[in-house]
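**Student:** Take this sequence and fold it.
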Amino acid sequence: MPKGEDGTPDEGKKPLYESAFDEVVRKELRRLVLEEGRRADGRGPKDLRPIWIEVDVLPRAHGSAVFTRGETQVLGTVTLGTGRDEQIIDDLGIDETDPFLVHYNFPPFSTGEVKRLRGVSRREVGHGNLAKRALKAVLPPEEAFPYTIRVVGDVLESNGSSSMATVCAGCLALMDAGVPIRAPVAGVAMGLVWEEDRAVILTDILGLEDALGDMDFKVAGTRKGVTALQMDNKVGGLPREVLKEALLQAREARLKILDLMESVLPAPRPELKPFAPRILTLKVPVEKIGLVIGPGGKNVRAWRSSGWRWT
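**Tutor:** So this is what the prediction gives:
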């Protein structure tokens with residue numbers, strides 16, 4: 001705390017000192033990247049943070065996984081339901097249902113803060129939609145897997161790229177639940193430091209690099225292609241060469257992450273977990289439908305009373 005001439009703290013100058021300190025940190029972080037090729041945590045521009053993965057961490061859940069990348073950790077859980085559990089979308093001119101739900105939760109303790117828990121923030125809604133787009137592209141068709149699927153990403157700690165960690169944790173949880181996805185999906189956040197004619201792309205950015213850098217470019221996809229993109233940048237526009245380099249560098253990182261994910265769980269489990277619901281599908285010949293229903297719906301009423309649930 002700055003002090004006045006009498007030795008007492010000078011509260012009036014505190015914002016000036018804080019602003020000056022932040023500016024020194026910003027300039028030094030950018031200088032390290034541009035001149036020495038080093039980042040705040042000692043990594044090179046293309047280096048990933050250490051990754052730790054564990055699946056089947058919640059025995060009662062239908063599917064679960066923990067994905068940790070540096071100081072960012074997400075617990076992904078999957079719940080399977082029937083057609084009655086689909087989300088009802090009742091909007092202006094829209095009346096439909098959605099069998100795939102993704103919820104991203106960012107509690108205050110994930111960044112070491114103490115705050116009152118309120119409703120879902122705009123940030124949480126946006127990150128959840130991004131993770132949903134990334135995962136939806138690899139879901140099986142409804143005819144092959146007629147379940148309602150809910151994925152929840154609970155951020156346990158965060159230091160950048162928590163939405164992409166949610167994609168990784170959610171994908172692993174889907175595979176742990178036995179959902180026959182077409183291919184594993186991973187995500188990584190790319191950054192940028194740009195000064196005049198010098199530009200350096202950063203892989204797997206920290207929260208500090210997001211705040212003091214020039215770009216936050218989230219890229220999620222499989223080995224074959226991209227399933228979701230989102231970009232925030234502070235430079236107004238990017239040359240095609242910079243964007244191309246960022247996508248190529250993101251692909252390189254994505255393949256490394258997918259290698260680690262598949263080393264833990266190579267493919268979706270062949271069977272659902274013991275506590276997951278089972279949906280049985282029967283095809284009845286047209287000429288036999290009357291026998292199944294029974295006179296006046298007698299058989300249907302009997303099955304309902306016995307506990308069968310029709311979807």
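**Student:** just the strands in this structure please.
**Tutor:** 51-55, 63-69, 72-81, 87-91, 94-98, 100-105, 148-157, 186-195, 198-203, 215-221, 226-233 (DSSP state E).
**Student:** Make CSV from those and add mean neighbour count and mean pLDDT to it.
**Tutor:** No exception for glycine: its C-beta is placed from N, CA and C like everyone else's. Output for the strands of the chain, formatted as CSV (neighbours: other CB atoms under 10 Å; pLDDT from 0 to 100):
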stretch, mean neighbour count, mean pLDDT
strand 51-55, 16, 97
strand 63-69, 25, 98
strand 72-81, 24, 97
strand 87-91, 9, 86
strand 94-98, 10, 86
strand 100-105, 20, 96
strand 148-157, 21, 97
strand 186-195, 24, 94
strand 198-203, 20, 93
strand 215-221, 24, 96
strand 226-233, 17, 95
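**Student:** mind putting those strands in JSON lines, distance to Pro277 included?
**Tutor:** Conversion of those to JSON lines gives the following (distance: least, CB to CB, whole Å):
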{"stretch": "strand 51-55", "distance to Pro277": "21"}
{"stretch": "strand 63-69", "distance to Pro277": "13"}
{"stretch": "strand 72-81", "distance to Pro277": "6"}
{"stretch": "strand 87-91", "distance to Pro277": "17"}
{"stretch": "strand 94-98", "distance to Pro277": "18"}
{"stretch": "strand 100-105", "distance to Pro277": "16"}
{"stretch": "strand 148-157", "distance to Pro277": "10"}
{"stretch": "strand 186-195", "distance to Pro277": "29"}
{"stretch": "strand 198-203", "distance to Pro277": "40"}
{"stretch": "strand 215-221", "distance to Pro277": "29"}
{"stretch": "strand 226-233", "distance to Pro277": "27"}
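**Student:** Among the ones you listed, single out whichever gets nearest to Lys273.
**Tutor:** Closest to Lys273 of the strands of the chain, according to CB to CB: strand 63-69, at 6.8 Å.
**Student:** CA atoms only for the closest one, dumped as PDB, please.
**Tutor:** Provided in PDB are the C-alpha atoms of strand 63-69 (Å, rounded to 0.1, in the frame of the first residue of the first chain):
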ATOM      1  CA  GLY A  63     -21.100 -42.100 -17.000                       C
ATOM      2  CA  SER A  64     -18.400 -39.900 -15.500                       C
ATOM      3  CA  ALA A  65     -14.900 -38.600 -16.100                       C
ATOM      4  CA  VAL A  66     -12.400 -36.100 -14.700                       C
ATOM      5  CA  PHE A  67     -10.300 -34.100 -17.100                       C
ATOM      6  CA  THR A  68      -7.400 -32.000 -15.700                       C
ATOM      7  CA  ARG A  69      -5.200 -29.800 -17.800                       C
END
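**Student:** which stretches of the stretch 1-150 of the chain have low pLDDT?
**Tutor:** Under the criterion pLDDT under 70, the flagged ranges of the stretch 1-150 of the chain are 1-10.
**Student:** Do you have the helices of it handy? List them.
**Tutor:** Secondary structure of the stretch 1-150 of the chain (DSSP state H, counting those that start in this stretch): helices located at 14-31, 122-136.
**Student:** wait, Ile257 sits on Val185?
**Tutor:** No: if you go by CB atoms under 8 Å, Ile257 and Val185 don't touch, sitting 9.9 Å apart.
**Student:** which neighbours do those two share?
**Tutor:** Counting by CB atoms under 8 Å, 6 or more residues apart in numbering, the contacts common to Ile257 and Val185 are Cys168.
**Student:** and the nearest residue to Leu117 once chain neighbours are set aside, how far is that from Val78?
**Tutor:** In space, Leu117 comes closest to Pro107 once its chain neighbours are excluded; the distance is 7.1 Å by CB to CB, 6 or more residues apart in numbering. Pro107 sits 20 Å away from Val78, taking CB to CB, to the nearest Å as the criterion.
**Student:** what does Arg240 give?
**Tutor:** Taking CB to CB, one finds Arg240 at 39 Å from Val78.
**Student:** and what of Pro59?
**Tutor:** Distance of Pro59 to Val78, given as CB to CB: 14 Å.
**Student:** Not counting its own residues, what contacts the longest helix seen in the chain?
**Tutor:** In the chain, with assignment by DSSP state H, the single longest helix is helix 240-264. For helix 240-264, the external contacting residues (CB under 8 Å, 6+ apart) are 46, 48, 51, 53-55, 168, 171-172, 184, 186-188, 190, 192, 194, 199, 201, 203-204, 215, 217, 219-223, 226.
**Student:** now swap in stretch 84-100 and tell me
**Tutor:** With contact meaning CB under 8 Å, 6+ apart, stretch 84-100 is reached by 83, 101, 132, 135-136, 139, 142, 147-151, 309, 311.
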